[in-house]
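Enquirer: sequence and predicted model, in that order:
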Amino acid sequence: MSSSEPDRRDRLADRPLDEPHPTRLAVDRPDRAAILAAHAAALAAGAAGYRDPATGLFVHTAAALAARGWCCGSGCRHCPYVD
């Protein structure tokens, strides 16, 4: 890693891939159930991501992010590296 690259972590967090860190998806967020359902469907289908129910933006699944092998530091909703 060069000095110009961001600090990247390569250790997965100790939680299931279908459980986002609460700082990335608040437990009291009104659309949390819809987001988790869309994420679960994408995980089950082996898809790289899903369309966010509220914004329509593409969101990577935790499995797709884990397959990349490191945290990019972009604040991904389902980042599997955030402890």
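Expert: Alright, I've got the coordinates.

Enquirer: look at Val82 and report its pLDDT.
Expert: Predicted confidence (pLDDT) for Val82: 89.

Enquirer: quick one, what contacts the residue nearest to it when sequence neighbours are not counted?
Expert: Once flanking residues are discounted, Val82 sits nearest to His21: 4.4 Å by C-beta to C-beta, 6 or more residues apart in numbering. Glycine gets a C-beta too; all of them are placed from N, C-alpha and C. Taking C-beta atoms under 8 Å, 6 or more residues apart in numbering as the contact definition, His21 lies against 13, 15, 79, 82-83.

Enquirer: make it 7 Å
Expert: 13, 79, 82 (C-beta atoms under 7 Å, 6 or more residues apart in numbering).

Enquirer: who wins on neighbours among those?
Expert: Within these, most neighbours by other C-beta atoms under 10 Å means Cys79, with 22 neighbours.

Enquirer: ok, that residue - contacts?
Expert: 21, 24, 65, 71.

Enquirer: alright, I will stop here.
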